[in-house]
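Colleague: Any chance you can model this:
(2 chains)
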Amino acid sequence: MATFILAFVVGMTYGGLVRKITARVHNRIGPPFYQNFIDAFKLYSKTSAIHHGAMHFMGPAFLMVSSIVSLMIVPVLIPGGDSWYNSWFNNMNAGGDLVFLIYIMVFGSLGLALGAGQTGNPNSSIGVTRGLSQMVGFEIPWVMALVALMISYKTTSIVDFINIQQETGKWLMFENPFAFIAAVLAMLGMFRYSPFDIVGAPSELASGPVSENGGKFLFTMMSSGSVFSFVKLTLFVDLFMGGAENLVILVIKTFALYMIPVLYGIVSPRYRTEQAVRFFWGWPTFIGLLAILYAVIF
Amino acid sequence: MYNDKNSQKIVDIIQNWARKHSIWVLAYGTGCGAIEIAPTMTSRYDAERLGIRGAATPRQADVLLVTGYLTVKTVKRVVRVYEQMQSPKYIIGFGSCTINGGMYYDSYNTINLLDKYIPVDVYINGCMPRPEAVIQGFVKLQQLIAEGKANGAQKYLDNLAEYKANQAKIAPHWIAKAPDYNW
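Modeller: Numbering: from 1, shown residues only, chains lettered A, B, ... in the order given. Predicted coordinates:
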């Protein structure tokens, strides 16, 4: 529970900060950093007098379930650390497994795809098609990077990766740099900021899969998106940056990592779907291949 | 349920505060006024600092911004869009054309007063209103929301027969056949 509240608050605050940073880059003042909380509360207090059938209700629920399950198996802090609040964030640390995580991270999008399909809105269907195509693109370098790590250290447990980094004192982003680069390039697609915001393109697709969802549906999607972005950032910190001893270090590391897709996104226009897939199957996949070779040879 | 100042509970005050600071706008930009939306939203006048932000679809929107004149043909679409929005929902009539027809006052196929067909909460006059005036209109709407006086959606439900009759006068065949979006 503590983990969920932490993920929600940090994720929403990051969302607000991103809007503020985007505004500053545009030379605007921008909304306050807590704007996302206001938006979420307002969405929750709106009526939702629509329904398009059972799957429409299940879509946001699948998203939320996927976010929470992946949150539960990603260690937030280094297990067995000595901070006084460390035991609050234990989750299911010992059971954290990368192969299961790769599966469960895709589950939410598939659930949303089913939910969006039933609304019958053509924009939703196009958005889902684009999202799944893009996922086929970025999953390949992402899985290659993870497989490289698994080959190097002969384990799939996230806790083991943290412990290895703690014992040797070297971050995996320097031990296997190719894997880190491939994973970061895949992360650009994972966070769906420009130029990979082809799924929810606001003016082109009318926000894509979420176009028929207002009020509480949108609230659920928004909060699960915030939680999920926290999960992804924490996973990157755990795998490549040696985990976090306490919450302050966690926030610093995740925020630094989050700025990569955000700042790249602010100054980029949008790709078309086939351009995005071609991007991911180009250099990121090649670097992922190098990472595996590096892991096998060294 | 009318949301008067006198009967506002603490929950209403908090909710209205959130609504006031998070206004998602669906711009119905078929009139000439749409050209003023871009400077209002972008760097020069930056409406996002007040929490005003564009929404992509009627489902997500709070405010319907009707920019400029409406022909008999487009007013049908406005009604349909308005009925798809989720309450609490507000309408801002933008420009003289929504108030008295503006320069199209004697045209054979434009409507003169928007409030006869859908309930307007705030009017912004001018032809065209500049972005300052647009932001002033939004601030006025924020005040009304905070005081619990922006009850257009409830007014529409209470006087549905009257509004439908007015709509039927200009589009008799369409109203009879229209699917009921008013959940």
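Colleague: isn't there a strand covering residue B:91?
Modeller: Yes - assessed with DSSP: H, G, I helix; E, B strand; the rest coil, residue B:91 lies in a strand.
Colleague: Next up, the contacts around it.
Modeller: Neighbouring residues of residue B:91 by C-beta atoms under 8 Å, 6 or more residues apart in numbering or on different chains: B:63, B:64, B:65, B:66, B:82, B:114, B:118, B:119, B:120, B:121, B:122, B:152. The way it works is simple: take the backbone N, C-alpha and C, and place the C-beta from them, glycine included.
Colleague: Pull the number of nearby residues for the second one.
Modeller: The reference is to residue B:64. As a burial measure, residue B:64 scores 24 neighbours (other C-beta atoms under 10 Å in any protein chain shown).
Colleague: Where does it sit: helix, strand or coil?
Modeller: Going by three-state DSSP: residue B:64 is strand.
Colleague: wait, it sits on residue B:87?
Modeller: No - using C-beta atoms under 8 Å, residue B:64 is not in contact with residue B:87; the gap is 12.0 Å.
Colleague: contacting residues for residue A:51?
Modeller: By C-beta under 8 Å, 6+ apart, residue A:51 lies in contact with residue A:57.
Colleague: State the distance from the residue positioned nearest the centre of chain B to chain A.
Modeller: In chain B, the centroid-proximal residue (C-alpha atoms, centre = their mean) is residue B:91; its distance is 1.6 Å. Per C-beta to the nearest C-beta, to the nearest Å, residue B:91 is found 16 Å from chain A.
Colleague: So in chain B, which helix runs the longest?
Modeller: Once chain B is assigned using DSSP state H, the helix that runs over the most residues is helix B:131-146.
Colleague: hang on, the earlier thing: kindly reformat the contacts of residue B:91 as CSV containing pLDDT and distance to chain A.
Modeller: Converted to CSV, these look like this (pLDDT from 0 to 100; distance: C-beta to the nearest C-beta, whole Å):
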residue, pLDDT, distance to chain A
B:63, 92, 12
B:64, 91, 13
B:65, 90, 15
B:66, 90, 18
B:82, 88, 14
B:114, 88, 23
B:118, 89, 18
B:119, 91, 17
B:120, 91, 20
B:121, 90, 16
B:122, 91, 18
B:152, 85, 15
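Colleague: Give the ChimeraX command for selecting the buried subset of those.
Modeller: Restricted to buried positions by 16 or more other C-beta atoms under 10 Å in any protein chain shown, the ChimeraX selection for these reads:
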select /B:63,64,65,66,82,114,118,119,120,121,122,152
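Colleague: Tell me the residues of the stretch 151-298 of chain A that contact chain B?
Modeller: A:202, A:203, A:206, A:207, A:210, A:211, A:212, A:213, A:214, A:215, A:218 (C-beta under 8 Å from any C-beta of the partner chain).
Colleague: From these, list just the buried residues.
Modeller: Among these, those buried by neighbour count (16+ other C-beta under 10 Å) are A:206, A:207, A:210, A:211, A:212, A:213, A:214, A:215, A:218.
Colleague: is it true that the last one touches residue A:44?
Modeller: No - with contact taken as C-beta under 8 Å, residue A:218 and residue A:44 are classed as non-touching, separated by 9.2 Å.
Colleague: Around chain A, pick out the residues from chain B.
Modeller: B:14-15, B:18-19, B:21-22, B:24, B:42-43, B:46, B:48-49, B:51, B:53-54, B:56-62, B:85-88, B:183.
Colleague: Chain B versus residue A:15, what's the distance?
Modeller: In terms of C-beta to the nearest C-beta, residue A:15 sits 13 Å off from chain B.
Colleague: contacting residues around the nearest residue to that residue once chain neighbours are set aside?
Modeller: Leaving out its chain neighbours, the residue that sits closest to residue A:15 by C-beta to C-beta, 6 or more residues apart in numbering or on different chains is residue A:36, at 4.5 Å. Residue A:36 sits next to A:12, A:13, A:15, A:16, A:19, A:222, A:226 when contact means C-beta under 8 Å, 6+ apart.
Colleague: Dump the worst-scoring helix or strand of chain A on mean pLDDT to PDB, restricted to CA.
Modeller: Of all helical and strand segments in chain A, the minimum by mean pLDDT, DSSP states H and E falls on helix A:202-205, at a mean of 77. Extracted in PDB, the C-alpha atoms of helix A:202-205 (Å, rounded to 0.1, in the frame of the first residue of the first chain):
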ATOM      1  CA  PRO A 202      -4.100  14.500 -29.600                       C
ATOM      2  CA  SER A 203      -5.200  16.400 -32.800                       C
ATOM      3  CA  GLU A 204      -4.600  13.600 -35.300                       C
ATOM      4  CA  LEU A 205      -6.400  10.700 -33.500                       C
END
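Colleague: Just the residues contacting it, thanks.
Modeller: The contact list for helix A:202-205, computed with C-beta under 8 Å, 6+ apart, reads A:123, A:126, A:127, A:130, A:199, A:211, A:270, B:54, B:56.
Colleague: Redo these as JSON lines? Include secondary structure and pLDDT.
Modeller: Formatted as JSON lines, the contacts of helix A:202-205 follow (DSSP: H, G, I helix; E, B strand; the rest coil; pLDDT from 0 to 100):
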{"residue": "A:123", "secondary structure": "helix", "pLDDT": "86"}
{"residue": "A:126", "secondary structure": "helix", "pLDDT": "87"}
{"residue": "A:127", "secondary structure": "helix", "pLDDT": "86"}
{"residue": "A:130", "secondary structure": "helix", "pLDDT": "87"}
{"residue": "A:199", "secondary structure": "coil", "pLDDT": "81"}
{"residue": "A:211", "secondary structure": "coil", "pLDDT": "82"}
{"residue": "A:270", "secondary structure": "coil", "pLDDT": "85"}
{"residue": "B:54", "secondary structure": "strand", "pLDDT": "86"}
{"residue": "B:56", "secondary structure": "coil", "pLDDT": "85"}
